[in-house]
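# Okay, sequence plus prediction incoming.
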Amino acid sequence: MELYCMESDSDSDSDSDSDSAAAVVLAPMDPNILHDDRVLQNLLTIEDSFLPQCSYFQRVQKEIEPYMRRVVAGWMLEVCEAENSEEDIFPLAINYLDRFLAVMPTRKNYLQLLGAVCLFLASKLKESRPISAERLCMYTDNSITTPELLDWEMLVLGKLRWNMAAVTPNDFVEQILRRLPLPEEKVAMIRKHTQTFITLCATDEGLAMNPPSMIASGSVGAAVCGLQLERKDPRLTKDKLTELLAKMTNTEVDCLRACQEQIESVLAASLQQSRAGAANGANKSREQQQQQDQSSTPTDVRDVNL
């Protein structure tokens with residue numbers, strides 16, 4: 001087997017007045033890795049070592065509540081969107097956040113600082129042009145300083161034992177998609193919806209303890225079912241698809257089905273929040289309503305029809 005490395009230039013999607021419009025160098029997926037079953041098996045073998053060690057709200061944290069995690073996760077997502085970060089950054093940063101909170105009691109007034117540090121580390125690991133410490137401080141309205149960020153960077157690295165190349169749901173997406181009998185013209189849309197579901201899962205503390213393979217499988221299943229592809233291929237009916245995904249990732253069918261239902265409920269809650277925000281702004285202009293709807297819903301979530 002011969003591996004190869006190839007890079008391509010891609011213009012980042014940014015506004016004309018943004019200073020981040022320069023070309024970004026990306027490395028496409030190596031087909032030798034994508035089509036080697038050992039890659040999937042290795043991911044399944046090591047994924048549990050990157051999960052939080054416990055349900056930290058009950059056992060570790062005294063001040064931090066679940067809603068606080070949702071707030072800081074929403075802020076981290078907004079930063080990633082503002083910076084046009086790659087899709088891997090947000091779930092990886094959330095992984096750091098959960099793993100740190102599972103081992104280190106943290107005061108609530110340090111939670112945004114911790115979120116900024118996790119974004120800083122994930123960006124440095126994954127992006128060719130990482131977010132600078134100064135810009136992250138700016139996104140906190142300068143409530144934290146660069147020296148604080150750098151000091152906490154060393155603290156987080158120490159608590160995570162410098163084990164930063166975590167397995168996330170994104171690592172499983174392409175491995176799963178290529179093994180499903182999907183129509184080629186629908187793969188891009190399924191991938192897009194799957195990434196939206198994974199983002200939603202990362203913002204929900206109830207899904208934090210689930211293995212990445214289960215999150216990825218449930219997200220793919222929800223995306224495929226939402227597009228109603230079973231009309232063209234009976235193998236893609238909900239029950240058969242769940243069984244296929246469970247076999248592929250060595251997961252219990254009932255566990256995967258429950259995970260997919262939980263993902264769909266998180267989506268429904270997000271859509272409900274979006275509609276409520278639009279209703280509250282009924283007296284505003286149509287343009288303001290659209291902006292509010294977009295800001296309260298993760299990317300492209302309104303395109304998913306369950």
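Arrived safely, thanks for sending. Numbering: from 1, shown residues only.

# Is Phe50 in contact with Asp171, as I believe?
No. Between Phe50 and Asp171 there is no contact under Cβ atoms under 8 Å: 10.2 Å. Backbone N, C-alpha and C define where each C-beta goes, glycine included.

# Pull up the overlap in contacts between the two.
Common neighbours of Phe50 and Asp171, counting by Cβ atoms under 8 Å, 6 or more residues apart in numbering, are Pro212.

# Give me the residues contacting the helix or strand hosting Tyr96.
Assigning secondary structure by DSSP states H and E places Tyr96 in helix 89-101. Taking Cβ under 8 Å, 6+ apart as the criterion, the residues outside helix 89-101 that touch it are 50-53, 56, 60-61, 64, 69, 72-73, 76-77, 80, 106, 114-115, 117-119, 121-123, 125-127, 156, 159-160, 164, 166, 168-170, 198-199, 202-203, 208.

# can you rerun that using 7 Å?
Counting contacts by Cβ atoms under 7 Å, 6 or more residues apart in numbering, the residues outside helix 89-101 that touch it are 50, 52, 56, 60-61, 64, 73, 76-77, 80, 114-115, 118-119, 121-123, 126-127, 156, 159-160, 166, 168-170, 198-199, 202, 208.

# Phi first, then psi, for Asp233.
According to degrees, to the nearest 10, the main-chain angles of Asp233 amount to phi -140, psi 110.

# Find the nearest non-adjacent residue to it, please.
Of all residues beyond its chain neighbours, the one nearest Asp233 is Pro181 (5.9 Å), with distances taken as Cβ to Cβ, 6 or more residues apart in numbering.

# Run through the residues that contact that neighbour.
Contacts for Pro181 were tallied using Cβ under 7 Å, 6+ apart; they are 233, 235-236.

# what secondary structure does the closest residue to Pro211 other than its chain neighbours sit in?
Using Cβ to Cβ, 6+ apart and skipping residues adjacent in sequence, the residue nearest Pro211 is Glu47, 5.3 Å away. Of the three states, Glu47 takes helix according to DSSP: H, G, I helix; E, B strand; the rest coil.

# mind listing what Glu47 touches?
Contacts here follow Cβ under 7 Å, 6+ apart; on that basis Glu47 touches 167, 211-213.

# Check the offset of the longest helix belonging to the chain from the chain's centre.
Using DSSP state H, we find that the single longest helix of the chain is helix 253-280. The chain centroid and the centroid of helix 253-280 are separated by 15 Å, computed with Cα atoms, centre = their mean, to the nearest Å.

# and that helix, what other elements does it pack with?
Using 3 or more Cβ pairs under 7 Å, 6 or more residues apart in numbering; DSSP states H and E as the contact definition, the elements that helix 253-280 packs against are helix 187-203, helix 212-226, helix 238-248, helix 286-295.
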